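> sequence and computational prediction follow.
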Amino acid sequence: MKMFLVFAYFSMVFTSNAQDCKNYYFLQNNKVVEMTIYDKKGDVTGKLVYTVSEVKNSGNTTAANVQSQMFDKKGKSIAKGNSVMKCSGGVMMIDMKMMIPQAQLEPYSHATVKAEDVYMEYPVNMNKGEPLKDGNLTMDIDNNGLKQSLTMTVSNRKVEDKEKISTPAGTWDCYRISYMSKMSIKMMGVGVPINMEGTEWYAPGFGVVKTQSKYGATEITGIK
C-alpha cells in the first residue's frame with residue numbers, strides 16, 4: 001500500500017510538471033504571442049511579437065526557439081531578436097535578454113550581439129513573501145566597429161501576492177513579483193547605470209502576462 005502511494009505521488013508530480021511545460025506559451029510550437037508596450041502615461045508605443053518554433057523534449061526538459069520582433073506604434077518593424085526558452089521539472093526559465101527594455105535595444109538592431117544564455121527561474125510553487133533567484137546578464141555588442149558591453153542585474157525578486165489579472169488576451173491567476181533591475185551600457189569602460197523597480201504578473205504554467213515600472217508597462221494582447 002505504501003509503495004502504491006509513493007508511486008501515485010510521483011506520478012502526480014511528473015504529470016503536473018509535464019502539464020506545466022506543455023501549457024507554457026513559449027513552449028508551444030508555432031505559437032504567436034503579441035505583447036503591447038505602453039509608456040508611463042498609458043499610451044501605446046509599440047508591440048512585441050514572439051513566434052515559437054523548434055520545440056524539443058529531452059528527459060524532463062522542454063526547450064524552444066523564440067523569435068521576437070518589435071514594432072513601433074505605426075506598425076514598422078524596428079528590431080528583431082532570438083532566444084531559447086526552457087522548462088525543466090515544471091520550473092520555467094525565461095531568457096534574461098527578454099527582460100531588457102526594448103527601447104535600450106533598438107539602437108543595436110543591426111549590431112552583432114554575443115551573450116551566454118542566462119535564465120530567470122520561476123518555480124512551480126510559490127508562496128507570498130518568498131524570495132526568488134537573482135539573475136546576471138552580460139552582452140558584448142559590436143555596433144559597426146564600435147565595441148560596447150551591456151550588463152544587467154535583476155535582484156531582490158520577491159513574491160508579493162496572488163492576483164487575478166485580465167488583459168485583452170484572457171484572464172489568469174497570477175503571482176505578483178517585485179524586483180530591482182540595474183543595467184549599464186559601457187563604451188570604453190565608461191557607462192551610466194540605469195536603476196529601476198519593476199513588477200511582473202506571472203501565471204504558473206503559462207508565463208508572464210503583464211509587467212509594469214515607472215517607464216511604462218507591457219501586457220499580452222493576443223495569442224494565436
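That came through, no problem.

> and stretch 195-215, what's buried?
198, 200-213 (16 or more other CB atoms under 10 Å). From N, CA and C alone the C-beta is placed, and that goes for glycine too.

> just the helices in the protein please.
For the chain, helices defined by DSSP state H occupy the ranges 2-23, 102-105.

> and these, which one is worst for confidence?
In terms of mean pLDDT, the lowest-scoring of these is helix 2-23 (a mean of 39).

> right, and residue 90 touches residue 124 too?
Yes: using CB atoms under 8 Å as the test, residue 90 is close enough to residue 124 to be in contact (4.0 Å).

> about what we covered before: and the buried residues of stretch 195-215, which two are the farthest apart?
Spanning the widest gap among the buried residues of stretch 195-215 are 205 and 213, at 24.9 Å by CB to CB.

> what is the end-to-end distance of stretch 70-79?
5 Å (CA to CA, to the nearest Å).

> now do the residue nearest the centre of the chain, the pLDDT please.
Nearest residue to the geometric centre of the chain (CA atoms, centre = their mean): residue 94, 4.6 Å. Looking at residue 94, its pLDDT stands at 89.

> please name the nearest non-neighbouring residue to it.
Closest residue in space to residue 94, ignoring its immediate chain neighbours: residue 120 at 4.8 Å, by CB to CB, 6 or more residues apart in numbering.

> can you check residue 181 too?
Using CB to CB, 6+ apart, the closest residue to residue 181 is residue 196 (4.6 Å).

> residues in contact with that neighbour?
Counting by CB atoms under 8 Å, 6 or more residues apart in numbering, residue 196 touches 180-183, 213-215.

> quick check: strands, which of those are part of them?
In strands, defined here by DSSP state E, the members of those are 180-183, 213.

> low-confidence ranges in this structure?
1-20, 22, 101-113, 188-190 (pLDDT under 70).

> can you tell me which strand in it is longest?
Across the chain, the strand with the greatest residue count (assigned by DSSP E) is strand 146-167.

> the buried residues of stretch 195-215 in strands, which ones?
Judged by DSSP E, the subset of the buried residues of stretch 195-215 located in strands is 198, 200-203, 207-213.

> still on that earlier bit, measure the residue nearest to residue 94 to residue 137 for me?
Residue 120 sits 9 Å away from residue 137, going by CB to CB, to the nearest Å.
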